[in-house]
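have a look; sequence and predicted model below, questions after that.
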Amino acid sequence: MIARRIRLIAVLAITLVFLLAWVFPIVWSVLNSLKTDSDVLAYPPKLFFTPTLEPYRDVLFGSASILPNLISSFIISIGTTVITMLMAVPAAYALARLRFRGKKFAGFYVLATQMLPPVGIIIPYFLILRNIGWIDTYQGIILIYLSFSLPFAIWLLVSYFEDIPFEMEEAAYLDGASRMKTLWRIIIPQVRGGIAVTVVFVFLNAWNEFLFAVVLSGNTVRPVTVAMFNFISVEQTLWAKLAAVSVLAMLPVVILGIVAQKNIVKGLTVGAVKGGGRR
Amino acid sequence: MPGHAAAIPQGDLGRVLAQRERRFAAALLAPAFLALLATTTFPLLFLIGTSTFRMDLAMPFADGFVGLENYRTLLADDRFWSSLLVSLIYTGATVVLQVALGLALALLVMDMKRGQGWFRIIAILPVVLSPAVVGMIWRTFMLAPEFGIVDYLAINAGLGSKNWLGDPTLAMVSVVVIHTWQWTPFAFMVLLASLASLPEDIYEAARLDRASAWQRFRRITLPLLRPAIVMVVIMRTMVALTAFAAIFTVTGGGPGTATEILNLYAYRKSFTELSIGYGSALAVALLVVTILISGVLFALRRAK
């Protein structure tokens, strides 16, 4: 009886340490983002203090406002999501439901494209986009984001399309509906949930991307993940503001992650049954 | 057109329908595949092309075709071999830690009646964050000397303030810990889901046979979990090999080249030192390494 109790306490202690370790860096950033400059630098670190929204006011509406970068991030992520979905939904339907020669190869090709290291994509793209003047433009970044968002979205959607019973399509054809009409009116409504999940993950991946953004961004287009490093410099780091910016950069993806909670394992392991994966 | 189709003999109808299906499939696939060709296959060919050129953005006058020269340089380049070694250490350490910790935690949490929901929610947090944000938070609020919490704890534990990102060994440990911190929840979530789907009756039988907890784990859980573990290993290996933001934002590959994985070396060569041609050769080498390692892992998965 006592041995069991000791075991239970040990298990609780170990798991609590894990929970704390995962939560702490995030919570600590949130706390620091609510401190005045003197509170942030206090030693020993302050867990209790009078919160202030000053850092947020500064980074949003101050002289070096992060607002344009947040807008940049939203434009890039939404643009990537819309274009990806317009291309991925039809492609995934064809791969999941239609019969044609070379289907296996097509599916393999989509997976194999993910083997290519991102640094191998950005080197040639940097040269090309520089030649046509697309560095520091939305179209440049969104185009190259398709290289990872498309394979991901296609494979995630295929798994949802495969779950629909074939009888639904057959019934529609027998009624004389065209293929396009069947896809649009019968099939798409069936995978609404899957499409919503895919949208969440494509947005999330686009928001979080860093390598392509670092190379291709400039003064016009600079997402928040890149811009936040302006708050660190050799002479002086603006701790509270830095914390506020990182919280702003985390907020959208944390909300989306919790919304998509039930599907997160599926979203993270998509295509993995056959291989692939991302950063 | 169904009335019209009825007049066609049975075999022809089948062929006509199959042909229509093919055309429809081609139309649906075309946009996505053209985009994939343009954003992945075309850059790959272009990359292989530039890797056979001398191309220095700082000295464009010396540019020109050099054949396999870049690859010969690469084989004799100590920094290349050391970055490859750093890649293998980083990948090996992070993947082993993620799987071991994720599995241990999944086993502990599995039988928990209350509180499992907390784990499921909290495990999501690190995983959905941008590695760039994670790197930034760790570099500053966690590891900055005399400011970060880790340093504060080290001082209080009597270890004294350490230069977590300035010392070569500590910097490597730090980037490994950061990557492990962010992605252990992934292994945890996947393995917890597979544990939950294991059949209950085998464990009943084992209990009746008085198998110990360790025996049950060794003989039942581990073999049944093997496919999920291998899948996690494959996915995490591919990601660790091309990790960028998680190191770039924390140490930038430094101090010196202590945390410079091959991926980062290819980036620094191309975009910091502006040697695009040699950088391309490094990127091709990274692709070859990725293919070799994934080939080994897939062979392991098929075995037994």
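Sure, I can see it. All values reported here derive from a predicted model rather than from experimental measurement.

C-alpha from now on. contacts and neighbour counts both.
Noted.

what is the neighbour count of residue B:90?
24 (other Cα atoms under 10 Å in any protein chain shown).

sorry, wrong one. I was asking about residue A:105.
10.

go on, the one 3 residues further on?
Residue A:108 is surrounded by 13 other residues when neighbours are defined as other Cα under 10 Å.

any idea which residue is closest to the centre of the chain?
Because you didn't say which chain, this covers chain A. residue A:204 (1.8 Å; Cα atoms, centre = their mean).

meant chain B, my bad for not saying
residue B:239 (0.9 Å).

please, which helix or strand holds it?
In this structure, residue B:239 sits in helix B:222-241 according to DSSP states H and E.

so for whichever strand or helix holds residue B:48, what gets flagged as buried?
Applying DSSP H and E as the criterion places residue B:48 in helix B:42-50. Residues B:43-44, B:46-50 are the ones in helix B:42-50 that count as buried (16 or more other Cα atoms under 10 Å in any protein chain shown).

same check, this time on stretch A:31-49
Going by neighbour count (16+ other Cα under 10 Å), the buried part of stretch A:31-49 is A:31-37, A:39-41.

for stretch A:70-83, same thing?
A:70, A:72-81, A:83.

may I have it as CSV, with CA atoms only?
Extracted in CSV, the C-alpha atoms of stretch A:70-83 (Å, rounded to 0.1, in the frame of the first residue of the first chain):
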residue,chain,number,x,y,z
LEU,A,70,2.1,41.3,-38.2
ILE,A,71,0.1,42.4,-41.2
SER,A,72,2.9,41.0,-43.5
SER,A,73,2.7,37.7,-41.7
PHE,A,74,-1.1,37.6,-42.1
ILE,A,75,-1.0,38.5,-45.8
ILE,A,76,1.7,35.8,-46.5
SER,A,77,-0.1,33.2,-44.4
ILE,A,78,-3.6,33.9,-45.8
GLY,A,79,-2.3,34.2,-49.4
THR,A,80,-0.4,30.9,-49.1
THR,A,81,-3.4,29.2,-47.6
VAL,A,82,-5.9,30.3,-50.2
ILE,A,83,-3.6,29.4,-53.2
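
what pLDDT, on average, does it get?
Averaged across stretch A:70-83, pLDDT comes to 97.

and it with chain B, contact?
No: for a cut-off given as Cα under 8 Å from any Cα of the partner chain, stretch A:70-83 has no contacts with chain B; the smallest distance is 9.8 Å.

distance check, the residue nearest to the centre of chain B against chain A.
Applying Cα to the nearest Cα, to the nearest Å, the value for residue B:239 to chain A is 4 Å.

mind listing the helices for the stretch 151-279 of chain A?
Under the criterion DSSP state H, counting those that start in this stretch, helices of the stretch 151-279 of chain A are mapped to A:166-174, A:179-182, A:188-190, A:192-208, A:211-216, A:224-227, A:239-259, A:264-269.

same list (those) but as TSV, adding distance to chain B.
Below are those laid out as TSV (distance: least, Cα to the nearest Cα, whole Å):
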stretch	distance to chain B
helix A:166-174	9
helix A:179-182	8
helix A:188-190	14
helix A:192-208	4
helix A:211-216	7
helix A:224-227	6
helix A:239-259	6
helix A:264-269	6
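
most tightly packed of those helices?
helix A:224-227 (a mean of 23; mean count of other Cα atoms under 10 Å in any protein chain shown).

residues in contact with that helix?
A:66, A:69-70, A:72-73, A:208-210, A:213-214, A:249, B:130, B:132-133 (Cα atoms under 8 Å, 6 or more residues apart in numbering or on different chains).

so can I have JSON lines of the helices of the stretch 151-279 of chain A showing mean pLDDT?
Shown next, in JSON lines, are these (pLDDT from 0 to 100):
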{"stretch": "helix A:166-174", "mean pLDDT": "78"}
{"stretch": "helix A:179-182", "mean pLDDT": "82"}
{"stretch": "helix A:188-190", "mean pLDDT": "90"}
{"stretch": "helix A:192-208", "mean pLDDT": "94"}
{"stretch": "helix A:211-216", "mean pLDDT": "96"}
{"stretch": "helix A:224-227", "mean pLDDT": "94"}
{"stretch": "helix A:239-259", "mean pLDDT": "93"}
{"stretch": "helix A:264-269", "mean pLDDT": "78"}
